[in-house]
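**Q** model the following, please.
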Amino acid sequence: MNLSKGNDARDEVLATMREFSKAMMAGDVDTLLGFYSEDWQNSRGAGKDSLKDIYDGISNKDGSEGTQIDLSKAEVVIDGDKVTFTPVTHSSASGRITYTHTLKKEADGVWRLVFTETIDWEKPPLDAQGKKRRDEIEASARASRNLREQILVDPTRPGFHFVMPEGFGAPFDPNGAIYWKGRYHLFYIFQDMRFGKKSDHWGHVSSIDLFHWRHHPTHLLEGMYSGNCFINKDGIPTICYHQVGQGNAMAVALDDDLNEWRKLETNPITPKTEPGDEHHDKYRSWDPFGWVEDDTYYAIFGGGHPGIVKSPALGGEWQYVGDLFAHGLPGVSLDEDVSCAELFKLGDRDVVLCISHRLGCRYYLGEWKDEQFYPDFHAQMSWVDNAFFAPESLQDEKGRRIMWAWLMDIRDFNIRLEKDWSGTMSLPRVLSLDDNGQLLMDVPEEIKALRYNAFSKEDFAVQSGTDLVIQDIVGNSLELFIEMESSEASTYGVKVCVSPDGQEQTSIFYDDTDGMLKVDTRKSGPEGTPKVVEAGPFELTEGERLKLRVFVDKSVVEVFANGRQAVMRFIYPSQPESLGVSLFSTGGTAWVHTLQSWKISPSNPF
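**A** Below you'll find the predicted structure:
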């Protein structure tokens, strides 16, 4: 269409739409219908035969008389023999609707509507301030939806491990865990710049089943670092935490949902010392753990030289007691830092659960007496690196000691960066002691509610040097239980997330020669993804069968062996078909007594 004809068409269409608007506002149904082509349709598939009833209904309700039509922002776009006219906004007492109309000049030389699409609506109509606020809400909702959609299609995002709901958690320490009024409460560290600079805050979730978590408002803000939650002398949940820029501090709950908290005006709880004092400059005000014992408040102050403080009152005068440890142990230095510390009783033993930043999660068994801890055993929960990190635990109404840890993915941050999130917790672990005083750990029974599509197979052999593919088990959201044994094999176990060509696979096995439970990720994914062998000390006794519980959750694998050792690793397979499962043995035949599997339903909302 040449320029002259184009201008003519624009003028003609504008004139037509002005007349159309007059007829609409006057409620002149017969004139209105004349502006529609016999071939007219709207975006919902309605034809011209539906218009008379619609317009008669509007006219009878006097709706058209109060209608205002705004053409002031409309533009004419010519596309061949058709013209698009948009936006056209109809406003009335019942609301506002905006349309795009397509017109065509028919054989009689008249421009008529051939298609109408609704592009926006609102009820009731909004003033300028209301429209601005609506636009802000829509922009925020659109950003939330976009993030949710991106997260939902991320093939690496775990489904039944608790994960950061949005953004990056580094650190992503679990904190303040407590069972209160029938619910499990868990806090976690995250970062943002809501106060103009990057700062740490505590997010808050609660659950009745340890896997489906409900988010709470974020009210523990600005400079909140690691700490725990305990019940104070008045029966009120109390947080002992590190306040950045101030030192170790306390906050008390103001409601039973644990949404509102009051930080004590007397903070920090760091004792004041002077040069010459035996405790002066000896301890850091860092990563505390607080509790009540015999009407006295105590707290561990973490760091390279952990200490004990106490006070008769939360807001009272706090004093140093002395060192946390009464003595050291072979194989672990007294200078190994104690952070994210916890002190609790299991059976007739006392446990210090903590990290060092070098070793990751670890624990001491011993006895708390005379305001000191007397350790007699130490073990790690992470070995090749410190990826199993920052433990936190609680005791529930069943008397179970349940812990979580941050599965630290900082080494994989570039992988996470592509997905717009970072922050994964371990599965909850129930800790207990066996008759010999050895620490036991397993996943709580509540995981069973997530199981579906069960499969089982019994009593079969796995020949040495072969991979026995289990055709009936496929997936990357799985629980496996395998009971097997071998008097000959040096290694035997299971491979998960196996690609059809075998190029990608994660091997989980018992190494009888080394006395280790191992997870080998050297073939788990492409170059640039983690490639290590994690190995936790573990030995089968004479005649004891290997009992593996394996949890595969997209990019996380957690393995529990005979209830007394656990190993975790991140994996990042690149092939979508890396979903296979096979059993293997080297150095001899292995016999499988039981193989069970379940698909695990995601418990995270996204």
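
**Q** list the buried residues of the helix or strand containing Ala23.
**A** Taking DSSP states H and E as the criterion, Ala23 maps to helix 3-26. For helix 3-26, a neighbour-count test (16 or more other CB atoms under 10 Å) marks 9-10, 12-14, 16-17, 20-21, 23-25 as buried. Where you see a C-beta, it was placed from the backbone N, CA and C, and this is true even at glycine.

**Q** what helices and strands are in contact with it?
**A** helix 29-34, strand 68-70, strand 75-79, strand 82-92, strand 95-105, strand 111-122 (3 or more CB pairs under 8 Å, 6 or more residues apart in numbering; DSSP states H and E).

**Q** and the second one, how far out from the chain's middle?
**A** The reference is to strand 68-70. Distance, stretch centre to chain centre, for strand 68-70: 48 Å (CA atoms, centre = their mean, to the nearest Å).

**Q** renumber starting at 6 from here on
**A** In the new count, where the first residue is 6, that last one comes out as strand 73-75.

**Q** quick one: strands adjacent to it?
**A** Next to strand 73-75 in the sheet, as set by DSSP bridges, lie strand 87-97 (antiparallel).

**Q** in the strand it pairs with, which residues are buried?
**A** 88-97.

**Q** of these, closest to Asp54?
**A** His95 (21.5 Å; CB to CB).

**Q** for Met255, phi and psi?
**A** phi -130, psi 150 (degrees, to the nearest 10).

**Q** neighbours around the nearest residue to it once chain neighbours are set aside, how many?
**A** In space, and not counting its chain neighbours, Met255 is closest to Leu269: 4.8 Å by CB to CB, 6 or more residues apart in numbering. Neighbours of Leu269 under the rule other CB atoms under 10 Å: 14.

**Q** same check on Gly507?
**A** 14.

**Q** give me the pLDDT value at it.
**A** At Gly507, the pLDDT value in this model is 95.

**Q** mind listing what it touches?
**A** Each residue near Gly507 by CB atoms under 8 Å, 6 or more residues apart in numbering is listed here: Asp472.

**Q** quick check, it in a helix?
**A** No. Counting by DSSP: H, G, I helix; E, B strand; the rest coil, Gly507 falls outside a helix, being coil.

**Q** so how far is Ser55 from it?
**A** Distance of Gly507 to Ser55, computed by CB to CB, to the nearest Å: 61 Å.

**Q** for Leu522, same thing?
**A** 70 Å.

**Q** among these two, which residue is more densely surrounded?
**A** Set side by side, Leu522 and Ser55 show more neighbours around Leu522, with 26 against 14, by other CB under 10 Å.

**Q** what's near enough to touch that one?
**A** Counted by CB under 8 Å, 6+ apart, Leu522 has contacts 514-516, 540-543, 564, 566, 570, 572.

**Q** can you list contacts of the helix holding Ala28?
**A** So helix 8-31 is contacted by 6, 36-37, 40, 69-70, 72-74, 76, 79, 81, 83, 88, 90, 93, 95, 106, 108, 110, 115-116, 118 (CB under 8 Å, 6+ apart).

**Q** now the residues you listed: which count as buried?
**A** 37, 40, 69, 72, 74, 79, 81, 88, 90, 93, 95, 106, 108, 110, 116, 118.

**Q** I figured the first one hits Tyr60, correct?
**A** Going back to what we said before, that points to Leu37. Yes. With contact defined as CB atoms under 8 Å, Leu37 counts as touching Tyr60 (5.8 Å).

**Q** Ala454 and Phe216 touch, don't they?
**A** Yes. Applying CB under 8 Å, one finds Ala454 in contact with Phe216, separated by 7.5 Å.

**Q** which of those two has more residues huddled nearby?
**A** Neighbour count, other CB under 10 Å: between Ala454 and Phe216, Phe216 has more, with 22 against 13.

**Q** and the more buried one, helix, strand or coil?
**A** coil.

**Q** and it, what does it touch?
**A** Contacts of Phe216 by CB under 8 Å, 6+ apart are 165, 451-452, 454-455, 608.

**Q** now swap in Pro581 and tell me
**A** Pro581 neighbours (CB under 8 Å, 6+ apart): Pro160.

**Q** quick one, phi/psi of it?
**A** Note on Pro581: backbone dihedrals following degrees, to the nearest 10 are phi -60, psi -20.

**Q** which pLDDT does the model give it?
**A** 96.

**Q** one step back: which of the helices and strands packed on helix 8-31 sits closest to Arg554?
**A** Closest among those, using CB to CB: strand 116-127, at 53.3 Å.

**Q** average pLDDT for that closest one?
**A** Strand 116-127 comes out at a mean pLDDT of 94.

**Q** just stretch 486-494 next, same as before
**A** 97.

**Q** flag every buried residue along it.
**A** Those would be 487-491, 494, for stretch 486-494 by 16+ other CB under 10 Å.

**Q** Ile487 against Val501, yeah?
**A** No. Assessed by CB under 8 Å, Ile487 is found out of contact with Val501, at 11.0 Å.

**Q** tell me the residue furthest from the middle of this protein?
**A** Using CA atoms, centre = their mean, the residue of the chain lying farthest from its centre is Asp113. It sits 63.9 Å away.

**Q** before we move on, back to that, per-residue pLDDT, the residue nearest to Met255?
**A** For Leu269, pLDDT reads 97.

**Q** what separation is there between it and Trp291?
**A** With CB to CB as the criterion, Leu269 and Trp291 are 18 Å apart.

**Q** tally of neighbours for Glu267?
**A** That one is not Glu; residue 267 is Arg. Arg267 has 10 nearby residues by other CB under 10 Å.

**Q** now do the same for it: helix, strand or coil?
**A** Arg267 ends up strand, using three-state DSSP.

**Q** wasn't Asn151 part of a strand?
**A** No. Using three-state DSSP, the secondary structure at Asn151 is helix, not a strand.

**Q** neighbours around it, how many?
**A** Neighbours around Asn151, by other CB under 10 Å: 11.

**Q** ok, the spatially closest residue to Arg456 that is not a sequence neighbour - how many residues close by?
**A** Nearest residue to Arg456, sequence neighbours excluded (CB to CB, 6+ apart): Trp603, at 3.8 Å. Residues near Trp603, counting by other CB under 10 Å, number 21.

**Q** now do Trp603 against Val561, distance only.
**A** In terms of CB to CB, Trp603 sits 17 Å off from Val561.

**Q** now Arg569
**A** 21 Å.

**Q** the more surrounded of these two?
**A** Taking other CB under 10 Å, Arg569 and Val561 do not tie; Val561 has more neighbours (25 against 17).

**Q** tell me where the stretch 306-455 of the chain has strands.
**A** Counting by DSSP state E, counting those that start in this stretch, the stretch 306-455 of the chain has strands at residues 312-316, 324-328, 344-351, 354-361, 365-374, 377-385, 393-400, 406-412, 426-427, 434-438, 444-447.

**Q** residues touching Leu553, list them.
**A** 485-489, 498-499, 513, 564-566.

**Q** and with 7 Å instead?
**A** By CB atoms under 7 Å, 6 or more residues apart in numbering, the residues touching Leu553 are 485, 487, 498-499, 513, 564, 566.

**Q** buried among those residues? Make that a ChimeraX selection.
**A** Selection of buried members from these for ChimeraX, criterion 16+ other CB under 10 Å:
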select :485,487,498,499,513,564,566
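
**Q** closest to Ile244 out of the contacts of Leu553?
**A** For the contacts of Leu553, the nearest to Ile244 is Val564 (33.1 Å; CB to CB).

**Q** isn't the closest one up against Phe514?
**A** No. Using CB atoms under 7 Å, Val564 is not in contact with Phe514; the gap is 9.5 Å.

**Q** Val343 bridge partners, please.
**A** Legend: beta-bridge partners of Val343 under DSSP bridges are Gly308.

**Q** residue contacts, it?
**A** Val343 neighbours (CB under 7 Å, 6+ apart): 307-308, 311, 329, 359, 361.
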